[in-house]
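[1] okay, sequence plus prediction incoming.
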Amino acid sequence: MKGRPAPASGLLRQLDSLARAALPSGVTALLMMLAVVPLGLFGLVPAIALPCVFFWSVFRPAALPPPAVFGLGLLQDLLTAAPLGSGVLVLLVVHGLAARWRRLLAKQSFLLVWLAFCGVAAGAAALATALQALLGWQALPLPPGLWQAVLTAGLYPLLAWPLTRAHEAMIRAEAAP
């Protein structure tokens, strides 16, 4: 057909498919590293990781499988100097909850998805605080956990907008011949 590009060859299609599959975990890891490097705001790393894992687990779960979530949680623990495994467990629990509620959440408006995420963020902050207290054998103050939940819930709309655009672009690319 005139005016239409020729279909990509087999290798190019495979590379395109691989790039689309790696985009969610790659972008999340990049954002996590960018959050800690320039400003040294360690609390920003989980506040970026959690919304990304939740979003991709709801809208494109096959692109963010549990091993990728495990790797992102490990990266989070290393970047924030948290006890190893605490971030992994929190992100895997969030991934499991989001994947379980996926059919319900994917059909809802942004506001309802955000409200559901706010509850998940509060639970994730409570779990992370409890794990750190348990692993450190000390009681932790409550305000940092509350701040983490508020920061994470507040960042979701800022992260969801570009992630939605990327998701829509991936859908269009998959629909193209």
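    Everything's here; your move.

[2] gap between the longest helix seen in the chain and the chain center?
    In the chain, assigned by DSSP state H, the helix with the most residues is helix 142-175. Computed by Cα atoms, centre = their mean, to the nearest Å, the chain-centroid distance of helix 142-175 equals 7 Å.

[3] and for stretch 140-150?
    Distance of stretch 140-150 from the chain centroid (Cα atoms, centre = their mean) equals 20 Å.

[4] likewise for stretch 65-82?
    Chain-centre distance of stretch 65-82: 11 Å, with Cα atoms, centre = their mean.

[5] what helices or strands is the helix or strand hosting residue 115 leaning on?
    Element membership of residue 115 [criterion: DSSP states H and E] is helix 110-136. Counting contacts by 3 or more Cβ pairs under 8 Å, 6 or more residues apart in numbering; DSSP states H and E, helix 110-136 is packed against helix 44-59, helix 86-100, helix 102-105, helix 142-175. From N, CA and C alone the C-beta is placed, and that goes for glycine too.

[6] now it and helix 86-100, what's the angle there?
    Angle, helix 110-136 to helix 86-100, by axes from the mean of the first three to the mean of the last three Cα atoms, to 10 degrees: 150 degrees.

[7] for helix 110-136, which positions count as buried?
    113-114, 116-118, 120-122, 124-129, 131-132 (16 or more other Cβ atoms under 10 Å).

[8] could you do stretch 136-146 as well?
    residue 145.

[9] got the contact list for stretch 125-145?
    Residues outside stretch 125-145 that contact it (Cβ atoms under 8 Å, 6 or more residues apart in numbering): 43, 46, 82-83, 85-87, 89-90, 93, 146, 148-149, 152.

[10] for those residues, which two are the farthest from each other?
    Put simply, by Cβ to Cβ the two of the contacts of stretch 125-145 set farthest apart are 85 and 146, 23.0 Å from each other.

[11] low-confidence ranges in this structure?
    Applying pLDDT under 70 to the chain flags the ranges 1-9, 38-42, 177.

[12] sorry, back to before: buried residues, the longest helix of the chain. List them.
    Neighbour-count burial for helix 142-175, counted by 16+ other Cβ under 10 Å, picks out 145, 148-149, 151-153, 155-156, 159-160, 163, 166-167, 170.

[13] in a markdown table, list those residues along with distance to residue 176.
    Below are the buried residues of helix 142-175 laid out as a markdown table (distance: Cβ to Cβ, whole Å):
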| residue | distance to residue 176 |
| --- | --- |
| 145 | 45 |
| 148 | 41 |
| 149 | 40 |
| 151 | 38 |
| 152 | 35 |
| 153 | 36 |
| 155 | 32 |
| 156 | 30 |
| 159 | 26 |
| 160 | 24 |
| 163 | 21 |
| 166 | 16 |
| 167 | 15 |
| 170 | 11 |
